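Colleague: model the following, please.
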Amino acid sequence: LVNSDQKKAVDTIWGSKILYTNGRIQSLGCRINNKFMLTYHNYNNSIDKNTEFKIDRIDYIHGCSMFFNKSIIKKIGYLSEEYFMFFDDVDFCKRATDQAIQLNVSQRSVIIHKEGKAIKKNKLEYLSIVNRIKYAKKYFPHNICSVYLGVWYKILKSMCLLKFNLAKKIIFNLP
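Modeller: Got it, this is the predicted structure:
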């Protein structure tokens, strides 16, 4: 027999307290704005005081530190290969919560994330935008106009900042 605490642990995807290399908090779980498909990290850039932070909402667990029982993969499948680097964790957690799997952060589990070391900044921005659109089309197609509006804002901003290569790459590769 499985008691309710064991059942809760099995049906939960756990994340860690994620710190930047300077010791500030990068994430204590993450949220998403489903209208524009913009993602936010709880307590981003806050000073880590080694105390428990109150977390009101978690929409997904940051993919750099995710722990779960293999029964969850049997229930919802693997992380989707249609994304590269961004939104694979968002998609995985969306499928999980749609199946009543909980999301939580163990604040005693701490990792330091050397963010962006594997890829150039322009490539990161581009991948984030392309995958944001893929995710919106898959789960929130009724919001796709507002998502594209946000993308066009990003393109115009890139051009104003003289980041023409990024703007060009986004324009010619929009899904």
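Colleague: can you give me the strands in this structure?
Modeller: 12-19, 25-27, 30-33, 38-41, 66-67, 102-112 (DSSP state E).
Colleague: Throw the ones you listed into TSV and include distance to residue 165 and mean neighbour count, thanks.
Modeller: No exception for glycine: its C-beta is placed from N, CA and C like everyone else's. Shown next, in TSV, are the strands of the chain (distance: least, Cβ to Cβ, whole Å; neighbours: other Cβ atoms under 10 Å):
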stretch	distance to residue 165	mean neighbour count
strand 12-19	30	22
strand 25-27	27	23
strand 30-33	27	19
strand 38-41	23	16
strand 66-67	32	14
strand 102-112	31	15
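Colleague: between these, which gets nearest to residue 58?
Modeller: strand 102-112 (4.5 Å; Cβ to Cβ).
Colleague: run the angle between the closest one and strand 12-19 for me.
Modeller: 30 degrees (axes from the mean of the first three to the mean of the last three Cα atoms, to 10 degrees).
Colleague: name the helices or strands packed onto strand 102-112?
Modeller: strand 12-19, helix 88-98 (3 or more Cβ pairs under 8 Å, 6 or more residues apart in numbering; DSSP states H and E).
Colleague: and of the ones you listed, who's closest to residue 150?
Modeller: Once the helices and strands packed on strand 102-112 are compared by Cβ to Cβ, helix 88-98 is nearest, at 15.6 Å.
Colleague: okay if I get the helices and strands packed on strand 102-112 as JSON lines plus mean pLDDT?
Modeller: Formatted as JSON lines, those follow (pLDDT from 0 to 100):
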{"stretch": "strand 12-19", "mean pLDDT": "97"}
{"stretch": "helix 88-98", "mean pLDDT": "97"}
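Colleague: residue 61: which of the ones you listed is closest?
Modeller: strand 12-19 (3.7 Å).
Colleague: need the residues that contact the helix ranked longest in the chain.
Modeller: Across the chain, the helix with the greatest residue count (assigned by DSSP state H) is helix 121-139. Here helix 121-139 makes contact (Cβ atoms under 8 Å, 6 or more residues apart in numbering) with 37-38, 82-88, 90-91, 94, 116, 119, 143-144, 147-148, 151, 154, 163, 165-166, 169-170, 173-175.
Colleague: what does stretch 76-87 give?
Modeller: Contacts for stretch 76-87 (Cβ under 8 Å, 6+ apart): 63, 88-89, 91-92, 95-96, 99, 101, 119, 124, 127-128, 131-132, 134-135.
Colleague: what do you get if the cut-off is 10 Å, keeping everything else the same?
Modeller: 13, 32, 37, 39, 60, 63, 66, 68, 73, 88-99, 101, 118-119, 123-136, 138 (Cβ atoms under 10 Å, 6 or more residues apart in numbering).
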